[in-house]
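A.B. asks: quick one: sequence and predicted model below, then my questions.
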Amino acid sequence: MSESLVKSPAIQPVQEKPSGFLNPKTVDEALMIADRLSKSSMIPDEYRGKPDNILVALELGAEVGLGPMQSLQNISVIGQRPAIWGDAMLALVVGSGWCEDINEWFDDETKTAHCRVKRIDHSSPRETTFSFEDAKSAGLYPSQKKFSVWQTQPKRMAQMRARSFALRDVFPDVLKGIARLQLADERNVRDIKEVEKEKNVVLDDADYEEVPEEPVIDDETKSAMENIIKHLGAATTKQDMKSIQEHITELPAHIQPVLIDAWNTRKSMLTTKKPRPHLPASDLSG
C-alpha cells in the first residue's frame, strides 16, 4: 500500500517575501550582525561562536530568497560547503510561482519514495525515486550510528532524497545550482538530540522486520580502519590530517562516518589552544 506524503494540486506563489530588521547596508554592518548572532543561545549549535560561517549562510540565503533567520535555520556549513537542508528547498520552489504541482508518496511494497513535480512552463511532470535498496547501496541504511535519523525515520529520509533530485532537476534556476546537503539532514545535531531525549520509546517487532542485515566488513577494510585510527593518534600537523582524510574517502561509504567522527575529534584536539603553565623562576634556572 502506498502512503501519500505531499499532494498540492493548486500551488500558489508567495506574493510577498517576509523580511525582518536584520538588513545590513555595508560589510561592516553585516560583520557586526554575524558577530552578535554568533553569541546568541537561540541559533543552531553549529553557528555558535562562528561569525564567519554565519556571514556565509546569510549571504547564500539572500541570494536564493531566504531571510536572515530563515538562512540560519535552513542552511548548514559542513565540510566547508554551505547548502540547504530540510524543507527550505521545497519552500523556495513553491514560493517561486513556477511550481504547478507536487505529489510525494511512499510505496510500502517496494520500499520506495516517489516525488513527482510539474513546472508551469514544462509539458510533462518529472518523477524521481529513492528506495531503501538505494540507501543500502549508498551505505546509508541501516545506519551504524546509535541516534541516526536513517535509523528512526527511514521513510522520511528516503522522501527527502527523492524530493531533492526532482527539485534540482526541474528548478535549477530557482535554486541557483545550490544542492541540498544530505548529511545535514542525516547527521544533524539538532535531530540527533531530539532522538536522544526519547528514553522510553517502545518499538514494535514489526519495526525491524524489513531492516536488512548490517554489511560485513572484510579483513582488509578492518585493517585499513585500524591503520587510520593508529595514524590519527600520532597525527600532529595539517599535512598529517589531510593525508588521513584522503585515505578515509577511499574506504566504503558505510564505514566512513565512524572514521570522520574520529578525524574531527583529533582535529579539535590539535586546534584547541592549551594554556601555557606558569613556572616559578627557580624552575627555569636549572
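C.D. replies: Right, received. Where do you want to start?

A.B. asks: same for the strand or helix carrying residue 261, what does it pack against?
C.D. replies: Per DSSP states H and E: residue 261 is located in helix 256-271. Other helices and strands packing on helix 256-271, by 3 or more C-beta pairs under 8 Å, 6 or more residues apart in numbering; DSSP states H and E, are helix 219-234, helix 238-249. Every residue, glycine included, has its C-beta placed from N, CA and C.

A.B. asks: who touches stretch 158-177?
C.D. replies: 5, 63-64, 84, 89-90, 92-93, 96, 98-99, 104, 106, 111-117, 119, 122, 126-132, 134-135, 179-180, 182, 185 (C-beta atoms under 8 Å, 6 or more residues apart in numbering).

A.B. asks: drop anything exposed from those residues.
C.D. replies: Buried members of the contacts of stretch 158-177, scored by 16 or more other C-beta atoms under 10 Å, are 5, 64, 84, 89-90, 92-93, 96, 98-99, 104, 106, 111-117, 119, 126, 128-132, 134-135, 180, 182, 185.

A.B. asks: now intersect those with the strands, please.
C.D. replies: 5, 84, 99, 104, 106, 112-117, 119, 126, 128-131 (DSSP state E).

A.B. asks: returning to that earlier point: could you export the helices and strands packed on helix 256-271 as a markdown table, including distance to residue 171?
C.D. replies: Compiled in a markdown table, these are given as follows (distance: least, C-beta to C-beta, whole Å):
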| stretch | distance to residue 171 |
| --- | --- |
| helix 219-234 | 39 |
| helix 238-249 | 30 |
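
A.B. asks: TSV please, covering these and showing mean neighbour count.
C.D. replies: What follows is the helices and strands packed on helix 256-271, written out as TSV (neighbours: other C-beta atoms under 10 Å):
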stretch	mean neighbour count
helix 219-234	13
helix 238-249	13
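
A.B. asks: which one, of those, ends up nearest to residue 23?
C.D. replies: With C-beta to C-beta as the measure, helix 238-249 is the member of these nearest residue 23 (38.1 Å).

A.B. asks: among the helices and strands packed on helix 256-271, which is nearest residue 58?
C.D. replies: That would be, of the helices and strands packed on helix 256-271 and by C-beta to C-beta, helix 238-249, which comes in at 28.3 Å.

A.B. asks: rewinding a little: quick one: the helices and strands packed on helix 256-271 as JSON lines, columns for mean pLDDT too.
C.D. replies: Supplementary listing: the helices and strands packed on helix 256-271 in JSON lines, determined by pLDDT from 0 to 100:
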{"stretch": "helix 219-234", "mean pLDDT": "81"}
{"stretch": "helix 238-249", "mean pLDDT": "84"}
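
A.B. asks: closest one to residue 74 among the ones you listed?
C.D. replies: Ranking those by their distance to residue 74 (criterion: C-beta to C-beta) puts helix 238-249 first, at 27.1 Å.

A.B. asks: pLDDT weak spots in the chain?
C.D. replies: Scanning the chain for pLDDT under 70 picks out 1-21, 77-81, 86, 145-147, 179-216, 272-286.

A.B. asks: for it, what spans make up the helices?
C.D. replies: Applying DSSP state H to the chain gives helices spanning 27-38, 51-64, 68-74, 88-96, 132-137, 149-152, 154-170, 172-175, 182-186, 189-197, 219-234, 238-249, 256-271, 281-285.

A.B. asks: dump those to a markdown table, plus distance to residue 44.
C.D. replies: Compiled in a markdown table, the helices of the chain are given as follows (distance: least, C-beta to C-beta, whole Å):
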| stretch | distance to residue 44 |
| --- | --- |
| helix 27-38 | 11 |
| helix 51-64 | 10 |
| helix 68-74 | 6 |
| helix 88-96 | 13 |
| helix 132-137 | 26 |
| helix 149-152 | 16 |
| helix 154-170 | 18 |
| helix 172-175 | 21 |
| helix 182-186 | 10 |
| helix 189-197 | 6 |
| helix 219-234 | 28 |
| helix 238-249 | 25 |
| helix 256-271 | 17 |
| helix 281-285 | 46 |
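
A.B. asks: quick one: which of those helices is nearest residue 45?
C.D. replies: Using C-beta to C-beta, the nearest of these to residue 45 is helix 189-197, at 5.4 Å.

A.B. asks: closest to residue 46 out of the helices and strands packed on helix 256-271?
C.D. replies: The nearest among the helices and strands packed on helix 256-271, by C-beta to C-beta, is helix 238-249 at 19.5 Å.
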